[in-house]
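Student: Return atomic coordinates for the entry below.
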Amino acid sequence: MGADPRATLQFLAAPATVSVTDPGQRVFVVSNKALGAAASPADRLFLWICSQEIEPLGDIHPTGTGVYALRVPANTSVSMGLSAVLSLPPGQYNVGLCGSSESPFWTNNDYSYTSAVVAME
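Tutor: Presented below is the predicted three-dimensional model:
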């Protein structure tokens, strides 16, 4: 399912694991998650496609400009997603939709999916 938005940057959709074996490879990522609010509206959601090196376990790194200050009314759940092409050095990575929010009201969340394809440039 993935995680609920919190103040710290984290994967919100369940990430995909990819292996980059050549510096010329690129990773195409598409990731979506149902996000929403229950009784109170939710706001201040920031989303990106992120990567995280697995060995050694690294920090989560956002890619691109992302989307900022998303909000939903009460009793709502909508699919939110992004795509990106990542240029990563050789290694094994988690990739997917990540985000953060200062709002405690992102509570009506559900399933997610992440697809990733590694290909030569």
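
Student: How confident was the prediction at the nearest residue to Leu70 once chain neighbours are set aside?
Tutor: With sequence-adjacent residues excluded and distances taken as Cβ to Cβ, 6 or more residues apart in numbering, Leu70 is closest to Leu45, at 4.0 Å. Where you see a C-beta, it was placed from the backbone N, CA and C, and this is true even at glycine. You'll see Leu45 listed with a pLDDT of 98.

Student: May I have the phi/psi pair for Leu45?
Tutor: When read as degrees, to the nearest 10, the backbone of Leu45 gives phi -90, psi 130.

Student: show me the residues around it that make contact.
Tutor: 5, 35, 69-71, 80, 99-101, 103, 106 (Cβ atoms under 8 Å, 6 or more residues apart in numbering).

Student: Any chance of a ChimeraX selection covering the buried ones in those residues?
Tutor: The following ChimeraX line selects those of those that are buried, judged by 16 or more other Cβ atoms under 10 Å:
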select :5,35,70,80,99,100,101,103,106
